[in-house]
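[1] Turn this into a model:
(2 chains)
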Amino acid sequence: AQKITQTQPGMFVQEKEAVTLDCTYDTSDQSYGLFWYKQPSSGEMIFLIYQGSYDEQNATEGRYSLNFQKARKSANLVISASQLGDSAMYFCAMRDIKLGNQGGKLIFGQGTELSVKP
Amino acid sequence: NAGVTQTPKFHILKIGQSMTLQCTQDMNHNYMYWYRQDPGMGLKLIYYSVGAGITDKGEVPNGYNVSRSTTEDFPLRLELAAPSQTSVYFCASSYPVSSGTYEQYFGPGTRLTVT
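    Have a look, this model is predicted:
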């Protein structure tokens, strides 16, 4: 069975500094995708970044990068130059993306609450 | 495009009552999903659909029913509501995995309280 583990319930970071949010996963599939979502206090789920299991380069999207270490089954999110607006819950998620898969549901971790201090 | 829309945004339901949460998407996505999020937790899949007329159970389907008569709509029905169904409900949609595009697009959520 697939599983996502986020071991940091809460994190603090100083504004303008970088922060790493940890995510480890467990799967026996070879084709999978890893996602990070941001959930601000308003409640919506905001897609941040995606990494495919066969992608050789780490994904980057603006200030977000995904540190993908396949052998260690980790997919940590790095936020550079933190801003006050980055304060939110962050969820790591995984999806089976092999062809012929029905549904392709997301499996979520429990989340990490990030607080950015001015 | 409005994306994924959900109604209502908030609702208080009495124990034993029933209601339907509405979800509509205008992106012509084949796949649609219902998740629930309990306080301090990640999202768990309730039901999903890979196309009109096709639905299947997710991780936590008990107490819920769905239907998918059109590509756009995927309502979630709560029968005989229980306090354990107090949660935030998210609808999501996506293209098929075979499309090579994997992101799921989420609606704004429905905050449901059962008392």
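[2] Helix or strand: which one has residue 113?
    No chain was given, so I picked chain A. Using DSSP states H and E, residue A:113 falls within strand A:112-117.
[3] Wait, chain B was what I had in mind.
    Here residue B:113 is assigned to strand B:110-114, by DSSP H and E.
[4] Quick one: list the elements packing against that strand.
    strand B:10-13, strand B:87-94 (3 or more Cβ pairs under 8 Å, 6 or more residues apart in numbering or on different chains; DSSP states H and E). Where you see a C-beta, it was placed from the backbone N, CA and C, and this is true even at glycine.
[5] so does the shortest one get close to chain A?
    No: for strand B:10-13 and chain A, the contact criterion (Cβ under 8 Å from any Cβ of the partner chain) is not met; the two come no nearer than 10.7 Å.
[6] distance between the helix or strand following that strand and the chain's centre?
    Remark: after strand B:10-13, the chain's next helix or strand is strand B:19-25, criterion DSSP H and E. On the basis of Cα atoms, centre = their mean, to the nearest Å, strand B:19-25 sits 7 Å off its chain's mean C-alpha point.
[7] any idea of the angle strand B:19-25 forms with strand B:87-94?
    30 degrees (axes from the mean of the first three to the mean of the last three Cα atoms, to 10 degrees).
[8] that older thread, what is the mean pLDDT for the strand holding residue A:113?
    Strand A:112-117 shows a mean pLDDT of 98 in the predicted model.
[9] can you list contacts of it?
    Residues from elsewhere that reach strand A:112-117 (Cβ atoms under 8 Å, 6 or more residues apart in numbering or on different chains): A:6, A:8-15, A:19, A:21-22, A:79, A:82-90.
[10] What of stretch B:104-111?
    A:35, A:37, A:43-45, A:47, A:95, A:106, B:3-11, B:21, B:23, B:25, B:27, B:29, B:31, B:33, B:37, B:88-94.
[11] Start and end of it, how far apart?
    Stretch B:104-111 stretches 20 Å from its first residue to its last (Cα to Cα, to the nearest Å).
[12] circling back: okay, and which of the contacts of strand A:112-117 map to strands?
    If you go by DSSP state E, these have A:10, A:11, A:12, A:13, A:14, A:19, A:21, A:79, A:88, A:89, A:90 in strands.
[13] Need the nearest residue in space to the third one, chain neighbours excluded.
    Yep, that's residue A:12 we're talking about. For residue A:12, ignoring the flanking residues on the chain, the nearest one in space by Cβ to Cβ, 6 or more residues apart in numbering or on different chains is residue A:115 at 5.1 Å.
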